[in-house]
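J.: Requesting a structural model of the entry that follows:
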Amino acid sequence: MSIQLEPPNQLSFHRPFTQLVKEVLVVRNPNPEPVAFKVKTTAPKQYCVRPNSGRIEANQSVDVQVILQPMKEDPPPDFKCKDKFLVQSVAIPAERETLSLSELWSITEKQNKDSIKETKIRCVYLPPVESNISPTSPTSPLPAKSSNPTSPTSPSSKKDTSNGATSEVLKEEKRNQSPPPYKVHDERKAEKANGTTDKSVPSTATNGHPNRLSNMTGSFPKESKTSIEETDPAKLRRQLLEANEEIKRLNHIIESYKQELNAAQMRQRKSEEAAVSNRNSTIGGFSVKTQEKIPEGYYPFEVVVAAAVGAFLFGVMFF
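T.: As a prediction, the model looks like this:
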């Protein structure tokens, strides 16, 4: 049982690829019974698909997000992407409604593999999307309106020029047409001359845009939620308890290491003492093992050596 995909043939990913790039694949079920689907790719480490499998009811659709993981650098402009996606679908009959999706797929692949429909989609890398900027942006300055009631296109000016007005009159009209460069400054001078000391900024200070100052009130940054959460006493108390538990756990580990070290040192000390007690003692240049048991009927080695030395000296002195 086939399904419909949108886009049907390819997924387009726009640069830059040094950040996450998301695309949506719409899987639609035009059939009168539900279907199960799953999405596979030839580059599972490069793409993340959510959800990669699921169930679609009759005449319903599911949006599948395909996320391209960030790359270290953008590939060359002429790079051709060879990655592909495979969308598999199978109908869910009434006798298999109680089965899970994994059981349904395993049974279908073993018993009726031909009923699985497959659709392939290739990936394409495209240049970045250009932002369409309107020619008149809201922040661009508006053209100043002439304060002179007699503009060059006004009937009075046409009448003057038609009647043969002199060049001096035309120059004077041009000077009158140009707005004063510092209108706010001139009005403040007029207020000082009249003796008024109104410190409020007049509405004409914004060149005919009184709402510009009111729009500035929303430009100041508000206190973020993260700063409020950082100063939450309940959260800080919970973090303090967790830190204390971690300190206790580390102290317990350190104590156990100390006990093991002491036990190892005691074993080493006992082995050294045993080695010292078993060490051979030297008498007259001869080594004697003091821990060996002397058999019955024999004399100790020291006695035999002393008797031999005494006999030797006795013989030398008297014979």
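J.: I figured Val129 hits Pro16, correct?
T.: No - if you go by C-beta atoms under 8 Å, Val129 and Pro16 don't touch, sitting 10.7 Å apart. Every residue, glycine included, has its C-beta placed from N, CA and C.
J.: Neighbour count: these two, which is higher?
T.: Taking other C-beta atoms under 10 Å, Val129 and Pro16 do not tie; Pro16 has more neighbours (12 against 8).
J.: if I pick that one, what's in contact with it?
T.: By C-beta atoms under 8 Å, 6 or more residues apart in numbering, Pro16 lies in contact with Asp74, Pro128.
J.: Are we agreed that it is in a helix?
T.: No - remark: Pro16 does not belong to a helix; assigned using DSSP: H, G, I helix; E, B strand; the rest coil, it is coil.
J.: count of neighbours near Ile121?
T.: For Ile121, using other C-beta under 10 Å, the count is 19.
J.: Against Gln259, how distant is it?
T.: Counting by C-beta to C-beta, to the nearest Å, the gap from Ile121 to Gln259 is 63 Å.
J.: same thing with Leu5?
T.: In terms of C-beta to C-beta, Leu5 sits 65 Å off from Gln259.
J.: Which one of these two is surrounded by more residues?
T.: Using other C-beta under 10 Å as the criterion, Leu5 and Gln259 rank with Leu5 on top: 20 against 10.
J.: part of a helix, is the more buried one?
T.: No - using three-state DSSP, the assignment for Leu5 is strand, not a helix.
J.: ok, now how distant is it from Ile92?
T.: For Leu5, the distance to Ile92 - C-beta to C-beta - is 19 Å.
J.: In space, what's closest to Asn29 - neighbours in sequence excluded?
T.: Nearest residue to Asn29, sequence neighbours excluded (C-beta to C-beta, 6 or more residues apart in numbering): Ile56, at 4.1 Å.
J.: Which residues are in contact with the one you found?
T.: Ile56 makes contacts with Ile3, Val27, Arg28, Asn29, Pro34, Val35, Ala36, Phe37, Val62, as judged by C-beta under 8 Å, 6+ apart.
J.: per the record, what domains does this protein have?
T.: 4-126, 240-274 (the TED database).
J.: returning to what we had before: return the subset of the contacts of Ile56 lying in helices.
T.: Under the assignment DSSP state H, those contribute nothing to helices.
J.: and of the residues you listed, the nearest to Asn244?
T.: Val62 (47.4 Å; C-beta to C-beta).
J.: per-residue confidence at Pro155?
T.: On pLDDT, Pro155 comes in at 44.
J.: can you check Phe318 too?
T.: 75.
J.: Next, find the distance separating it from Val305.
T.: The spacing between Phe318 and Val305, counted by C-beta to C-beta, is 21 Å.
J.: Which of these two has more residues huddled nearby?
T.: More neighbours surround Val305 than the other of Phe318 and Val305, with 14 against 6 (other C-beta under 10 Å).
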